[in-house]
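In: what's the 3D shape of this:
(2 chains)
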Amino acid sequence: MTKEEFLAEMQDVLQTEEDLSYETVLKDLDEWDSLSVMATMAFLEKSFGVKTTMKDYHEVTTIGDIAKKAGL
Amino acid sequence: MTTACFENIQIKGIKTVVPEHCVNIDDELEYFDNNPKKLARAKKMIGYGTRYVADQNTTVTDMATDAAVKLLQEMGISPDEIDLLIFVNQNPDYPRPSDACIVHGLLELNKSCTCLSINLGCSGYVHALMCASGLMSSGAFKTALLLTGDNPAHDIRVQNRKIAPVFGDAVSATVLKYEKGAPKSFFVTGTDGKNWDKIIHPFGGQRLPYQKKDFDLSVVDGNGNIWTADQGLMKGEDVFNFTMEVAPQLLSDTMNAAAWTIQDVDLFAIHQANKQIVEMIVAKAGIPFEKAPTETFSRYANNSVNSVVTVLCDQAVGKTIGNTVLCTFGIGLSWGGAAVDLSEMYNGGISTYTVPKNGKTRSEQIMNWINYFKGEKHD
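Out: Residues are numbered from 1 along each chain as shown, chains lettered A, B, ... in the order given. Predicted coordinates:
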């Protein structure tokens, strides 16, 4: 998955209309709530085989941090 | 985890009833900051749709009695045949006696019928099936009636958005029969009592009995949700972590107990916590989505004890299904999986409970107990 594809997927996962970049701060997004965390967990597991827990998301700051977890 | 197997017992019929009053999430835009996009996002991600909410005078035993009367009538079973009644519910009519005994009287069941009440929530249906099967396998009981359900939505204030849109009320009746040669059924159950406080209604028992001033308590969280002493509490993140740890494994353990593969199973009825959670469990367990419906959540919400029965009554009515896996988890924390053959089961679907016109008011009930105490005539 390319960086651009990942960002497009994340836009769908979070159900947000904001333009995303690796620098986007999650806290600044209205849609970054527990639903989005669960959706992100499901996305990482399904698309990258990466298992995460809710706790892991207490430490992420940006979209780039999520990409890192995905191994991108 | 415990694994149990029973022979000669068959689920013969099920029927669910829901209250008349239907709430549609589309009418609750105000709780999404009047922003249709936020509402649409919640509908898509969580699966919010419609839910049925019992009125303040309707109790679980009212709906359970209605479900039982309808099911027995539709199946042509006489109340006299029932020799075992198990009632699963967390909102009883009274602290005592048990609902099972009250409904025994309302249904005019035989005096030789054994009655038990079980206090479990989301995992309760599988536990009730297992208990009934265990007792029946002795051969002493031939026809069991399970009444399982709850009215979680009935207590919740609509302003408590953490839980209000998630829960709906539903109660069901199930008939089990002892029949030589009936296919085996398998059960896998477990409990994590160290996490007893993760889903809880803290007030109203002996530990924290209600006092007058408790009703002034009103706590607002950072998102504007209001909690009052008459409502339950849930640690969402912990419950979610528990669910993702337990439920996919439970599906696999239950199939293993029955020596079934995914291909052998017609339907996975999974507790409808919400659409997103069910989809995550299904994905993690590697089950095809078409075998594990989530639409029931959007139509009836999370029905606590009755959730898996609501799935069967909603998704399997009018269809022939055989091998079925039930997967339940929740308050306790507690979980239960069952592998059952439903090919001989009558499916009565979902009916509406109509509130009787002659119900007693609150003050009439209180006056009745006052007169009861004073030794005057009561009904």
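In: low-confidence ranges in chain B?
Out: Flagging of chain B using pLDDT under 70 yields the residue ranges B:376-379.
In: so who does residue 69 touch?
Out: Let's take chain A. Contacts were defined as CB atoms under 8 Å, 6 or more residues apart in numbering or on different chains; by that measure A:K69 touches A:L44, A:V50, A:T52, A:D56, A:V60. Bear in mind the C-beta positions are built from the backbone N, C-alpha and C, glycine included.
In: other chain: chain B
Out: The contact partners of B:V69, taken as CB under 8 Å, 6+ apart, are B:L107.
In: And B:A229, how close does it get to chain A?
Out: Relative to chain A, B:A229 is positioned 25 Å away (criterion: CB to the nearest CB, to the nearest Å).
In: Near that residue, how many other residues are there?
Out: One way to gauge burial is a neighbour count; for B:A229, by other CB atoms under 10 Å in any protein chain shown, it gives 18.
In: Would you confirm that it contacts B:Q211?
Out: No - between B:A229 and B:Q211 there is no contact under CB atoms under 8 Å: 9.3 Å.
In: Could you dump the contacts of A:K69 into a markdown table with neighbour count and secondary structure added?
Out: What follows is the contacts of A:K69, written out as a markdown table (neighbours: other CB atoms under 10 Å in any protein chain shown; DSSP: H, G, I helix; E, B strand; the rest coil):
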| residue | neighbour count | secondary structure |
| --- | --- | --- |
| A:L44 | 20 | helix |
| A:V50 | 15 | coil |
| A:T52 | 19 | coil |
| A:D56 | 17 | helix |
| A:V60 | 18 | coil |
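In: Of those residues, which is the nearest to chain B?
Out: Taking CB to the nearest CB as the measure, A:T52 is the one of the contacts of A:K69 closest to chain B, at 10.3 Å.
In: Now that closest one. Nearest residue, chain neighbours left out?
Out: Excluding its sequence neighbours, the residue lying closest to A:T52 (CB to CB, 6 or more residues apart in numbering or on different chains) is A:M41, at 5.3 Å.
In: next one: B:E237
Out: Taking CB to CB, 6+ apart as the measure, B:E237 lies nearest to A:M54, with 5.0 Å between them; neighbours along the chain are not counted.
In: In contact with the one you found: list those residues for me.
Out: A:M54 makes contact with A:S34, A:V37, A:M38, A:M41, B:E237, B:F240, B:N241 under the criterion CB under 8 Å, 6+ apart.
In: Of the residues you listed, select the buried ones using a PyMOL command.
Out: For the buried members of the contacts of A:M54, the matching PyMOL selection, counting by 16 or more other CB atoms under 10 Å in any protein chain shown, is:
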select buried, (chain A and resi 37+38+41) or (chain B and resi 237+240+241)
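In: so of the contacts of A:M54, which ones are in helices?
Out: For the contacts of A:M54, the ones inside helices are A:S34, A:V37, A:M38, A:M41, B:E237, B:F240, B:N241, with DSSP state H as the criterion.
In: Which member of the residues you listed is positioned nearest B:A67?
Out: Comparing these against B:A67 with CB to CB picks out B:F240 as the nearest, at 30.9 Å.
In: B:T189 touches B:V126, doesn't it?
Out: Yes - with contact taken as CB under 8 Å, B:T189 and B:V126 are classed as touching, separated by 6.8 Å.
In: Between the two, which contacts overlap?
Out: Taking CB under 8 Å, 6+ apart as the contact definition, B:T189 and B:V126 share the neighbouring residues B:G336, B:G337.
In: The two: who's more crowded?
Out: Each of B:T189 and B:V126 has its neighbours counted (other CB under 10 Å); B:V126 has more, 29 against 20.
In: If we go by neighbour counts, what in the helix or strand harbouring that one is buried?
Out: With the criterion set as DSSP states H and E, the secondary-structure element containing B:V126 is helix B:124-136. Residues of helix B:124-136 classed as buried by neighbour count (16+ other CB under 10 Å): B:G124, B:Y125, B:V126, B:H127, B:A128, B:L129, B:M130, B:C131, B:A132, B:S133, B:L135, B:M136.
In: Tell me the bridge partners for B:C327.
Out: For B:C327, the residues forming beta bridges with it (DSSP bridges) are B:I270, B:G337.
In: In contact with it, which residues?
Out: B:C327 sits next to B:A247, B:L250, B:L251, B:T254, B:F268, B:A269, B:I270, B:H271, B:I281, B:V308, B:G337 when contact means CB under 8 Å, 6+ apart.
In: mind giving me a markdown table with the contacts of A:K69 and columns for distance to B:T50?
Out: As requested, the contacts of A:K69 are arranged in a markdown table below (distance: CB to CB, whole Å):
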| residue | distance to B:T50 |
| --- | --- |
| A:L44 | 32 |
| A:V50 | 36 |
| A:T52 | 33 |
| A:D56 | 35 |
| A:V60 | 35 |
